[in-house]
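A.B. asks: From the sequence below, what's the structure:
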Amino acid sequence: VCTRPKLASRRLTRSEKLQFRDNGCVVIKNGVNANLIEAALRKINYALGKGIHLQEIAPATQIPKFNAEMRRCPEMMHLFTQSDAFSLCSDLFGGKDVNDVVIHHNTSQIALRFPEPPDTIPIDKQQ
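C.D. replies: As a prediction, this is how the structure comes out:
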């Protein structure tokens, strides 16, 4: 399903690497093509429209595991493998090939977040 991606020429700047070192994250604007995002959203919305089975919903203290089939579909994997994200991660890991991790496991994580009232305390912050 997922093929070895072509490494893009996009690399992290020194400033972006320092941002990652200092903050534990880096923001890459326009790192994923809008068409890839739209395709993934269409796939998610279609799956939601079909309904979620009770066994796919984890207890409130855990992140739900949304539809195992969805996590393996090309539309989800392409967000990483067909965008700058793949080459940027490789660059972040010192130019090492991250194919072993991405292609070997061949799954993605989908964390759905639904709107909550403003005064609601997120589940992970409740005591």
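A.B. asks: For the rest of this, base every contact and every neighbour count on C-alpha atoms.
C.D. replies: Will do.
A.B. asks: Look at L88 and report its pLDDT.
C.D. replies: For L88, the pLDDT comes out at 86.
A.B. asks: ranges for the helices of this structure?
C.D. replies: 14-23, 34-50, 68-72, 74-81, 84-92, 99-105 (DSSP state H).
A.B. asks: Comparing these, which stretch has the densest surroundings?
C.D. replies: Neighbour counts (mean count of other Cα atoms under 10 Å) averaged over each of those peak at helix 74-81, with a mean of 22.
A.B. asks: For it, which helices and strands make contact with it?
C.D. replies: Using 3 or more Cα pairs under 8 Å, 6 or more residues apart in numbering; DSSP states H and E, the elements in contact with helix 74-81 are helix 34-50.
A.B. asks: Show me what the helix it packs on is packed against.
C.D. replies: The contact analysis (3+ Cα pairs under 8 Å, 6+ apart) places helix 34-50 against helix 68-72, helix 74-81.
A.B. asks: about what we covered before: between the helices of the chain, which one is nearest to P117?
C.D. replies: Nearest of these to P117, taken as Cα to Cα: helix 34-50 at 21.2 Å.
A.B. asks: thinking again about what came up before, okay if I get the helices of the chain as JSON lines plus distance to L112?
C.D. replies: Output for the helices of the chain, formatted as JSON lines (distance: least, Cα to Cα, whole Å):
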{"stretch": "helix 14-23", "distance to L112": "24"}
{"stretch": "helix 34-50", "distance to L112": "9"}
{"stretch": "helix 68-72", "distance to L112": "12"}
{"stretch": "helix 74-81", "distance to L112": "13"}
{"stretch": "helix 84-92", "distance to L112": "20"}
{"stretch": "helix 99-105", "distance to L112": "21"}
